[in-house]
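# quick one, what's the 3D model for this:
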Amino acid sequence: MLGRLKLFLLESREEFKRVNWPTRKEAVKMVFIVVALSLVVAAFLGAMDFILIYLLERLLKI
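Have a look, this model is predicted:
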């Protein structure tokens, strides 16, 4: 059991060495894109929620 764990950790370490990590500039750019898209989606969902609640309230008042 310990041998398999050791082998897994050694192979994982070697695999991490082969990973092509993004530069700091690329990572910051990707984070900015994710945050911006998250804000856009949140605003859209908030607006849709507001509109649907308004329409439902109008419908139930009839």
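# mean confidence for the helix or strand encompassing residue 54?
Using DSSP states H and E, residue 54 sits in helix 24-61. Helix 24-61 comes out with an average pLDDT of 97.
# same for that helix, what does it pack against?
When contacts are defined as 3 or more Cβ pairs under 8 Å, 6 or more residues apart in numbering; DSSP states H and E, helix 24-61 packs onto no helix or strand at all. Every C-beta, even on glycine, is put in place using the N, C-alpha and C of the backbone.
# can I get the CA coordinates of stretch 6-19 in CSV?
The C-alpha coordinates for stretch 6-19 follow below in CSV (Å, rounded to 0.1, in the frame of the first residue of the first chain):
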residue,chain,number,x,y,z
LYS,A,6,5.0,6.6,-3.0
LEU,A,7,4.8,5.7,-6.7
PHE,A,8,1.8,7.9,-7.2
LEU,A,9,3.4,10.8,-5.5
LEU,A,10,6.6,10.4,-7.5
GLU,A,11,4.7,10.2,-10.8
SER,A,12,2.6,13.2,-9.8
ARG,A,13,5.7,15.2,-9.1
GLU,A,14,7.1,14.4,-12.5
GLU,A,15,3.9,15.2,-14.2
PHE,A,16,3.8,18.6,-12.5
LYS,A,17,7.2,19.4,-13.9
ARG,A,18,5.9,18.8,-17.4
VAL,A,19,2.9,21.1,-17.0
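# which other residues reach stretch 30-41?
The contact list for stretch 30-41, computed with Cβ atoms under 8 Å, 6 or more residues apart in numbering, reads residue 22.
# tell me how far that stretch lies from the chain's centre.
In terms of Cα atoms, centre = their mean, to the nearest Å, the centre of stretch 30-41 is set 9 Å apart from its chain centre.
# and if you look at stretch 41-59?
24 Å.
# again, but for stretch 21-34
The mean C-alpha position of stretch 21-34 is separated from the chain mean by 13 Å, Cα atoms, centre = their mean.
# mind listing what's buried along it?
Neighbour counts over stretch 21-34 (16 or more other Cβ atoms under 10 Å) mark no residue as buried.
# hey, C-alpha coordinates of that stretch in PDB?
The C-alpha coordinates for stretch 21-34 follow below in PDB (Å, rounded to 0.1, in the frame of the first residue of the first chain):
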ATOM      1  CA  TRP A  21       2.100  26.900 -16.500                       C
ATOM      2  CA  PRO A  22       0.800  30.300 -17.600                       C
ATOM      3  CA  THR A  23       2.900  33.400 -17.100                       C
ATOM      4  CA  ARG A  24       1.800  35.800 -14.400                       C
ATOM      5  CA  LYS A  25       0.500  38.200 -17.100                       C
ATOM      6  CA  GLU A  26      -1.600  35.400 -18.700                       C
ATOM      7  CA  ALA A  27      -3.000  34.300 -15.300                       C
ATOM      8  CA  VAL A  28      -4.000  37.900 -14.400                       C
ATOM      9  CA  LYS A  29      -5.700  38.300 -17.800                       C
ATOM     10  CA  MET A  30      -7.600  35.100 -17.400                       C
ATOM     11  CA  VAL A  31      -8.700  36.000 -13.800                       C
ATOM     12  CA  PHE A  32      -9.900  39.400 -15.100                       C
ATOM     13  CA  ILE A  33     -11.900  37.700 -17.800                       C
ATOM     14  CA  VAL A  34     -13.500  35.200 -15.300                       C
END
